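Any chance you can model this:
(2 chains, ligands or ions: 1)
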Amino acid sequence: MASVKSLRPLPALPEGWSAESNFIAHAPLSASVHRKLEPVGPHFLAHARRKRHSRTFSEDDRIQASQNVKSVEDDDVGEISEPESPLLLQRDPKDWKNQDHYAVLGLSKYRYKATDEQIKKAHRKKVLKHHPDKRAASGATEDDSFFKCIQKAMEVLSDPARRRQFDSVDEDANRDPPTKKAKGNFFKLWSVVFESEARFSKNQPVPKFGDEKSTEQAVEEFYNFWYNFDSWRTFEYLDEDVPDDNENRDQKRSVERKNKASRTKRKTEDTARLRKLVDDCQNLDTRIKAFRDAKKKQRNAKRDARDAEEKRVAEEARIKAEEDKKRKEEEEVAAKASKESSKKAKEAAKTAVKKNKRVLKGSVKDANYFVSGIASPDVIDKVLSDVELIIAKIDAEDLGVFAKKLEANKGADAVKATYLAQASGMVSKGLIKAGELKILTSA
Amino acid sequence: MSAAPSPPASPPESDSKTVIGIAFGNTNSSIAYTSPDGKAEVIANEEGDRQIPSVLSYIGSEEYHGAQAKSHLVRNAKNTVCYFRDFLGKSFASIDPTNSHTSAHPVDVGGTTSFNLQQTEDETATPVSISEITTRHLLRLKDSASDFLGSKIGGAVITVPTDFTDAQRSALIAAAKAADLEVLQIIHEPVAACLAYDARNNTIPTDKTILVVDLGGTRCDAAVVSSRGGMYTIIATAHDYELGGLQLDQVLVDHFAKEFLKRNKVDPREDARSLAKLKLEAEGTKRTLSLGNSATISIESLAGGYDFHSTVNRLRYEMLAKKVFDQIVGLAESVVTKAELDLLDIDEVILSGGTSHTPKIASRLAQIFPVTTQINAPATSAVALNPSELSARGAAIQASLIAEFDQEDIEQSTHPAVTVAPHLVKSVGVVIDGADDSFQTLLEAQTAVPARRTAQFIVPNGGDVIVKICEGVREIVVSKPEAKPNGVKDDDDSEEEEEEEADVRNRVFKVERVVAEAAVRGVEKGSKIEVTLNVGSDLALSVAARVVGGQQGARGTVEGTDKKE
Ligand SMILES: Nc1ncnc2c1ncn2[C@@H]1O[C@H](COP(=O)(O)OP(=O)(O)OP(=O)(O)O)[C@@H](O)[C@H]1O
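Numbers count the residues shown, from 1 in each chain, chains lettered A, B, ... in the order given. The predicted structure follows:
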């Protein structure tokens, strides 16, 4: 049994880890996949011995074991899927430049999309069928021209540079832009055009054409991409053959020059073609108008909103001004009224004070100046001076309350007591100094 | 589990069967045996060839084989049979006759692939079936082996490509039987190559993922093999039937032909005999270029009565052959992708087949793998075995292992009931202290169960430790290469260089799922803990952790999900 040398440190047991038996089973191992062990080598033979030792296998076991095994070999090469037209089979290999290499290999459907693997497999299928020895065996002529076509197709398509040259001029992979009258979904129609053009892009992946739901940003990016398209398309494939012999140097050079010129011309034309194609599409692209409309609408909506806001502000200002005016008027009226009423109140208060003062003075007189018998002018003077003092120091409100008390408590003693209480209250409040009073002190 | 059985070390008893390994290729075949001291050796035939061309040629009633027959391709092409292995067991409709173009052509005789050959003094050709051709070839190989070993051959293990169908196997067994050769077992070429390497040591090979690239004459095959506990499982294969040494020969043929054409205004490729001469010599030149920096070619009266002498240096050749090399590298990459692996997952590359002698192929392959990947080829490793011999050696080792088995035994042991086994899909290992989520793999993904692995860990500080068993996934972490330490001036050149610097790709294991936890308490400082994981055929996992030389430990079991076998 194999042993792994590790000698790396184990982590410390986390705080609070607990299990009854120092062991926790969390989850089973992931499901296995059934594969075939190669019945080779000493370790396999040991395995076989163990496995055979533990049991005998029933027919069922043996059948079942052969099923569900992950296979590692690909399926057989299979059948050629595309029918081979008689025209194709009769092609002259010398005319290979005009041959559809994809059709020859049965890959018409795939064209530039065919993977290297597909090309390899397709080629093999064709070789198995069309090899001259096979044809000879089936009694056909020894004609190996189609086989040569197959080899030529493979030669071109298996070389990345030459395949690009061919793909560059592979008309059958081109998708013409839809005509004005073309029926169908605009986006689908143009998508295929751009998908086909995209094969020439040096930058991959190429943005998708999208549909009516595409965002403005995506559409913008799409057109930007196509207006800045970086294409590897070349036109070498259409070159005129350069004479191979050394004798005709001048002619050779002239053909080379001509080829170079026509490559450049074609490339320029192609760039212009693509530009026009993108222009045309953009002009027809309803999304562009829709985005413009939406923008306009948005702009209009903004303006409307601004107008409405202005109106609202003006209206608000007008209402406010009106309200202000009204309030001012009201305030003025109220002020006037309050002024009048306060005047009245003041007058009323004045009369009340006068009246209350009279009550005060009257009450001491009624109480015979707090003496029995005839009050001496001196006493009268003193009492009145005290009363005056109180009147002078008392505020209008207290005066009212005091006057009311005096009116309520008739009789000399009661009046005196009331006076004394008032006087001492005022003394304690600090309104009057105790010494100022002559008679109305409790001391 | 018991210790690994080792190949029989004792010399075979005189009465025991003499068994051999045969590599049967389209281009070459070789025979090997296991010597009394347990070493596999490739046998040279009477002519001294260890790579015996799989060619038969007839002149009059005389049969020629191997290198001699191959030389007849110049004068006797029509009566020389080449590159026929892949025709065996196939209908005429499904064979590719391309490589027979310059030798006897296959013909259809009632659906059976045959060759019309003159085998008598008179000029009439009679059809010889592919089975008969194979029988004659195997008979010659068997006789060579028997001559060399001085005893009757009791049986052979024969290698075939992984895409060999049951029909092809049956046809091979029947053809061998007709040559009075018992086929003990048919094994796959890439696995034979693995065995040839692993048998060098008597220990159990460490678990590894091997890419075997078999580059022959007419085809190239690649296989990803996972080697677990010394057992092999093929994970993916890829084949290219139009790629091989012949394409490299063609590169030189075209190169020399152009040179000849320029000098003599005659294209040697337009005459069958001239072409055959040039092909034979170009192949020799190609082989020389595997060793030296330049090679000469020298052909008398190549075409139009002109002789041809030339040299080519290796650099030139490698430039011309770049496209072929690209395709070989592409094949290697494609099989790794097919196995759903990354190039970083390949621990070892074995280059097998004659074309693997080409230094540039080995170095081109070495370039796409990390430096830690062992590239077993003569150009990249001093201890590499001869790539032309790997299949035959592997077959010979297997033959010696099963020499004493009877037919029934072999049949039973190679039946799917024994060979098909559940394989783990995730690596299982133990979390180690330190970097986040890092863990030590004990059982690699693609390990067949039942399987058991043990590893030792350390407890540097003592105390309580946790043995956390989990399944992991391999991730490829891509990071930018570290910026150059001293800020180089920002001129355009250096910027471009920086852009070209490739990302650094690293392979890391991440814990995906915790399967079980075990606690080992009160471990003494500096002790070792041995963890054993045992997975049953039902995927039940039992865990045992114990302190080495101590009493403490923990054990437990996680139930399996698969049905018990
Ligand atoms: N030293 C060498 N350098 C380069 N190429 C070599 C060398 N030795 C042999 N070869 C080439 O290896 C090829 C033969 O490979 P090999 O012996 O593995 O054949 P094979 O297994 O029969 O191949 P296949 O079945 O694919 O035809 C030939 O093309 C031969 O030229």
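
can you map out the strands along chain A?
Taking DSSP state E as the test, the strands found in chain A are A:3-9, A:23-25, A:33-36.

mean pLDDT for these: which is lowest?
Among those, strand A:3-9 has the lowest mean pLDDT, at a mean of 73.

Check the burial of the closest residue to the ligand within the stretch 201-350 of chain A by counting its neighbours.
The ligand sits closest to residue A:244 of the stretch 201-350 of chain A, with a gap of 31.4 Å, by C-beta to the nearest ligand atom. All C-beta spots, glycine's among them, are computed from the backbone N, C-alpha and C. Residue A:244: 7 surrounding residues under other C-beta atoms under 10 Å in any protein chain shown.

which residues touch it?
Listed by C-beta atoms under 8 Å, 6 or more residues apart in numbering or on different chains, the contact set of residue A:244 is empty.

Find the closest residue to chain A in the stretch 201-350 of chain B.
Distances between the stretch 201-350 of chain B and chain A by C-beta to the nearest C-beta are smallest at residue B:230, namely 3.1 Å.

Tell me the predicted confidence for that residue.
Confidence score, pLDDT, at residue B:230: 94.

for residue B:494, same thing?
Confidence score, pLDDT, at residue B:494: 45.

Show me the residue at the heart of chain B, geometrically.
residue B:190 (3.2 Å; C-alpha atoms, centre = their mean).

For that residue, which three-state class applies?
Following DSSP: H, G, I helix; E, B strand; the rest coil, we place residue B:190 in the helix state.

Could you report the distance from it to chain A?
Distance, residue B:190 to chain A, using C-beta to the nearest C-beta, to the nearest Å: 9 Å.

Quick one: residues contacting that residue.
Residue B:190 is in contact with B:162, B:212, B:214, B:221, B:223, B:225, B:234, B:237, B:350, B:352, counting by C-beta under 8 Å, 6+ apart.

Give me the nearest residue to residue 19, chain neighbours excluded.
Using chain A. Spatially, and ignoring its direct neighbours in sequence, residue A:19 is nearest to residue B:519 (6.9 Å; C-beta to C-beta, 6 or more residues apart in numbering or on different chains).

Hmm, no, I was thinking of chain B.
In space, residue B:19 is closest to residue B:399, 4.0 Å off (C-beta to C-beta, 6+ apart).

wait, the one you found sits on residue B:155?
Yes: using C-beta atoms under 8 Å, residue B:399 makes contact with residue B:155 at a distance of 6.9 Å.

what residues do the two have in common as contacts?
Joint contacts of residue B:399 and residue B:155 (C-beta under 8 Å, 6+ apart) are B:19, B:20, B:184.

between those, which is closest to chain A?
Nearest to chain A among those, with distances taken as C-beta to the nearest C-beta, is residue B:184, at 11.5 Å.

quick one: secondary structure of that closest one?
Assigned with three-state DSSP, residue B:184 falls in the strand class.

What does the pLDDT read for it?
With respect to pLDDT, residue B:184 has a value of 97.

And the strands in the stretch 451-565 of chain B?
Here the stretch 451-565 of chain B has its strands, by DSSP state E, counting those that start in this stretch, at B:451-459, B:463-479, B:504-523, B:527-535, B:541-547, B:553-558.

ok, the fifth one: who's next to it in the sheet?
Each strand paired with strand B:541-547, and its direction, by DSSP bridges: strand B:527-535 (antiparallel), strand B:553-558 (antiparallel).

Mean neighbour count and mean pLDDT added to those, as a markdown table?
Compiled in a markdown table, those are given as follows (neighbours: other C-beta atoms under 10 Å in any protein chain shown; pLDDT from 0 to 100):
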| stretch | mean neighbour count | mean pLDDT |
| --- | --- | --- |
| strand B:527-535 | 21 | 93 |
| strand B:553-558 | 18 | 90 |
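
Select, out of these, the one closest to the ligand.
Here strand B:527-535 is closest among the strands paired with strand B:541-547 (C-beta to the nearest ligand atom), at 37.9 Å.

Next, the angle strand B:451-459 makes with the closest one.
160 degrees (axes from the mean of the first three to the mean of the last three C-alpha atoms, to 10 degrees).

ok, residues contacting strand B:527-535?
A:7, A:10, A:29, B:424, B:428, B:430, B:442-443, B:447, B:449-459, B:462, B:465, B:467, B:469, B:520, B:523, B:541-550.

What number of residues are in the vicinity of residue A:115?
9.

coming back round to it: list the contacts for the residue lying closest to the residue of the stretch 201-350 of chain B closest to chain A once chain neighbours are set aside?
Once flanking residues are discounted, residue B:230 sits nearest to residue A:43: 3.1 Å by C-beta to C-beta, 6+ apart. By C-beta under 8 Å, 6+ apart, the contact list for residue A:43 reads B:4, B:204, B:229, B:230, B:231.

Fine by me, thanks again.
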